[in-house]
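Colleague: prediction below, plus the sequence it came from.
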Amino acid sequence: MPVTGPEPLARNGSNAPVLSPALGVYVQLEPAVPGDEQRYEKACAIVRDWVGDKLRWTLTSTFGEPAPYDPEDFQYVVEHPASTKPPKPASTPELEAMQRRLQVLQAVEFSMNCHGGEHGV
Amino acid sequence: MQIGIMARLRFKDIDDGTVSVSYRASADPQLVHFRGTRIPGARSPFDVAGDYIGAINRGLGGGAEFSPTASQAALVTPVPDAVPEAWSLDIRMESVSPLFVMHMVVVFAAGSESLSVAGDLRPDGSSLSLTDADVRDWWDRPQRHLRAWGTVPFVVEESEISRGAAIRVRFQKDLPEGYVSAPYSFGYRLLEITSLLHLSHTEGGRKGTLEPAPKRKQAKREISASWAYFDVTPAAFQALVTNMLIWVHEKEHPIESVQIQTP
């Protein structure tokens, strides 16, 4: 992944950069439950303050291609706990189980990837 | 909302006369009479009607002919305690595209041994008309699909994606919490679109959307959604999404811009 930044760590025989310094942060938050919004907001603020000014692209599991980074993208993470609220009780246990599976598939599974490379992908 | 999901599993051949259709769309209200004999175990036609009436009243009955916000429907016939084998129901409709009524015909037919759909206005050969021949033609060559209403009050950016499909909607104001997941809210409309797409836009061996609804998420002023298993006519998807969002823009939350990605 091409990146801009300080002098490459290594170059090949043609003097082309082959290794550049990069910073990666992987944040795996504890499973969200309804009401966790404030904790998630604090976690996002820490990440944003730390590396936010270096980010240029955002890719989420709910949009197909990377888009230019916007600090508000972190709101997707902040809003995530609200989507874990269980669906209302259904008329049958089978229907309730199906609704829960759909909720997991469509709303609970979520990831967001931001980076500061030259290109989105 | 289950419209479309099961429709292709069983469809009576319209050539044998078990399905007849006579409809002409109009901006004026009219009654559309649905009569049928039910396949044992099939879903109640009143439930099917309820799904479609809801979809129409949320803008999906519009098209190139009618604004999504003008499209309206209401069930006139009281819902019986038990649906008889030979059933009938009347729906009052106005500004409902003939191609949307075609969706309804196919899904009602899937649960019926025989079916008659007749509006108060007779077909006149115009683009607002729908007849047996139109449904037969569509079944053989389903390239006809609902078009987007011509006046789109927000910016739409369409782009290509290698696989799947996705939308990203930016709103003018902050969204209420849970807008994408609340019952009968934005997420439900995505489910309706998925059902309609799966039903009809599979020409050339396309397989449909193959999932009940997209993954979706909301942020402060934004909603994004993606269909991973998307094998649908892109133009049909773009039109349905646009019409649905015009209704949302006018009735619920003003939209700033929309990105639509299709293969």
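Modeller: Thanks, I have the structure now.
Colleague: rest of the way, CA atoms for contacts and neighbours
Modeller: Fine.
Colleague: who touches whichever residue of the stretch 151-263 of chain B sits closest to chain A in this structure?
Modeller: Relative to chain A, the nearest point of the stretch 151-263 of chain B is residue B:215 (4.0 Å; Cα to the nearest Cα). Shown in contact with residue B:215 (Cα atoms under 8 Å, 6 or more residues apart in numbering or on different chains): A:61-62, A:105-107, B:225-227.
Colleague: restricted to strands, list the residues you listed.
Modeller: B:225-227 (DSSP state E).
Colleague: save those as JSON lines, and put in distance to residue B:168 too.
Modeller: Output for the ones in strands among the contacts of residue B:215, formatted as JSON lines (distance: Cα to Cα, whole Å):
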{"residue": "B:225", "distance to residue B:168": "7"}
{"residue": "B:226", "distance to residue B:168": "9"}
{"residue": "B:227", "distance to residue B:168": "12"}
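Colleague: can I get those residues in TSV including neighbour count and distance to residue B:41?
Modeller: Shown next, in TSV, are those (neighbours: other Cα atoms under 10 Å in any protein chain shown; distance: Cα to Cα, whole Å):
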residue	neighbour count	distance to residue B:41
B:225	27	34
B:226	24	34
B:227	25	31
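Colleague: could you tell me whether residue A:53 really is in a helix?
Modeller: Yes - Residue A:53: assigned to a helix according to DSSP: H, G, I helix; E, B strand; the rest coil.
Colleague: and it, how many residues sit next to it?
Modeller: Here the number of neighbours of residue A:53 (other Cα atoms under 10 Å in any protein chain shown) works out to 10.
Colleague: returning to what we had before: roughly how far apart are the residue of the stretch 151-263 of chain B closest to chain A and residue A:93?
Modeller: Using Cα to Cα, to the nearest Å, residue B:215 is found at 24 Å from residue A:93.
Colleague: do I have it right that residue B:227 meets residue B:164?
Modeller: Yes - between residue B:227 and residue B:164 there is a contact at 5.4 Å, judged by Cα atoms under 8 Å.
Colleague: pick the one among the contacts of residue B:215 closest to residue B:116.
Modeller: residue B:227 (34.7 Å; Cα to Cα).
Colleague: need the contact list for that closest one.
Modeller: When the contact criterion is Cα under 8 Å, 6+ apart, the partners of residue B:227 are B:164-166, B:209, B:211, B:213-215.
Colleague: ranking by neighbours, what's the top pick from the residues you listed?
Modeller: residue B:165 leads these on contacts (other Cα under 10 Å) with 28 neighbours.
Colleague: so what's the residue in chain A positioned nearest to chain B closest to, chain neighbours aside?
Modeller: Chain A approaches chain B most closely through residue A:106 (4.0 Å), counting by Cα to the nearest Cα. For residue A:106, ignoring the flanking residues on the chain, the nearest one in space by Cα to Cα, 6 or more residues apart in numbering or on different chains is residue B:215 at 4.0 Å.
Colleague: from residue B:120, how far out is that neighbour?
Modeller: The value you get for residue B:215 to residue B:120, if Cα to Cα is used, is 41 Å.
Colleague: what's the separation between the residue most central in space within chain A and residue A:69?
Modeller: Geometric centre of chain A, nearest residue: residue A:112, 1.7 Å, by Cα atoms, centre = their mean. Per Cα to Cα, residue A:112 is found 11 Å from residue A:69.
Colleague: shared neighbours of these two, anything?
Modeller: Common contacts of residue A:112 and residue A:69 (Cα under 8 Å, 6+ apart): residue A:58.
Colleague: ok, residues contacting the helix or strand in which residue A:96 is found?
Modeller: Assigned by DSSP states H and E, residue A:96 belongs to helix A:93-103. With contact meaning Cα under 8 Å, 6+ apart, helix A:93-103 is reached by A:84, A:86-87, A:89-90.
Colleague: try stretch B:84-96
Modeller: Stretch B:84-96 has contacts (Cα under 8 Å, 6+ apart) with B:25-39, B:46, B:56, B:61-62, B:65-67, B:70-77.
Colleague: same question, stretch A:55-62
Modeller: A:65-70, A:73, A:110-120, B:166, B:215-217, B:224-226.
Colleague: just to revisit the earlier point, need the next SSE after the helix holding residue A:96, C-terminal direction.
Modeller: Where DSSP H and E defines the elements, the next helix or strand beyond helix A:93-103 is strand A:112-115.
Colleague: same for that following strand, what does it pack against?
Modeller: When contacts are defined as 3 or more Cα pairs under 8 Å, 6 or more residues apart in numbering or on different chains; DSSP states H and E, strand A:112-115 packs onto strand A:57-60.
Colleague: tell me the mean pLDDT for the strand it packs on?
Modeller: Here strand A:57-60 scores 92 as its mean pLDDT.
Colleague: ok, that strand: who's next to it in the sheet?
Modeller: Partners of strand A:57-60 in the sheet, by DSSP bridges, are strand A:67-68 (antiparallel), strand A:112-115 (antiparallel).
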